[in-house]
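K.L.:
Make a model of this:
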Amino acid sequence: MDIKVKPLTNKQKEALDFVNSFMQEKGYAPSLRELATFLDTKNLSTAQYYIEELEKKGYLKRDPHKNRGIAPITQKQTIPLLGFIATGEPIEPIENAEPIQVSSNIKLNPNHSYYALKVKGDSMMDMGILDNDIVLIKHQMTADIGDTVVGITEKGATLKVLGEKNGRTILQPKNPNYEIIIPEQLEIRGVFVGLLRKN
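P.N.:
Here you go, the predicted model:
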């Protein structure tokens, strides 16, 4: 599995987004003064502090001998690991969860929101989703038949294939040892888009 990254504060994330968008637009890095203006401060040492923190956390590299000598490190995608998901149990939050890095091979649309859950159990093993895998979920409240979804039922949360049988919505496991779930109530919390596994 990809290594964890150090999370950013909201203000650090705003500073990093500013640096990245400035470089995409202009083709060169912002100066400390331009970053300070963005941060709504006249204090260049505040801008310097943000650059140093982003460098420490692995988001920027800096050449102190160059004017405008900062450059973003090729960004790996990061999404929050929210908790554990097991058949028929509530999603169990992970204490002090940090964002996890996602390989650039998995294409995540920057306009959508994603999160990750750690799987408990083997009800989806025939689909290659195993105990302790981390599933990547695109957050959305609707899904199509055949999508693998995070569904919240009256019995708790589960990861299953959304299906239909005799006019009823069903949640289909991918392991013959588990029964189909026919929920009385169902709330879609997202659709499965990818998988991370510890080697």
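
K.L.:
Residue 186 is in contact with residue 142, correct?
P.N.:
No - contact between residue 142 and residue 186 fails when scored by Cβ atoms under 8 Å: they sit 11.2 Å apart. From N, CA and C alone the C-beta is placed, and that goes for glycine too.

K.L.:
Name the residues of stretch 192-199 that are buried.
P.N.:
Neighbour-count burial for stretch 192-199 flags 192-196 (criterion: 16 or more other Cβ atoms under 10 Å).

K.L.:
Now, these that are in strands?
P.N.:
Counting by DSSP state E, these place 192-196 in strands.

K.L.:
In CSV, list the residues you listed along with distance to residue 67 and pLDDT.
P.N.:
Output for these, formatted as CSV (distance: Cβ to Cβ, whole Å; pLDDT from 0 to 100):
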residue, distance to residue 67, pLDDT
192, 47, 95
193, 42, 91
194, 41, 89
195, 44, 88
196, 40, 84
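
K.L.:
Could you single out the nearest of these to residue 96?
P.N.:
Proximity of those to residue 96 (Cβ to Cβ) peaks at residue 196, which lies at 18.7 Å.

K.L.:
Identify the bridge partners of the closest one.
P.N.:
With DSSP bridges as the criterion, residue 196 is bridged to residue 134.

K.L.:
Could you report the distance from it to residue 190?
P.N.:
Distance of residue 196 to residue 190, computed by Cβ to Cβ, to the nearest Å: 16 Å.

K.L.:
Check residue 25 too.
P.N.:
Relative to residue 190, and taking Cβ to Cβ, residue 25 is found at 32 Å.
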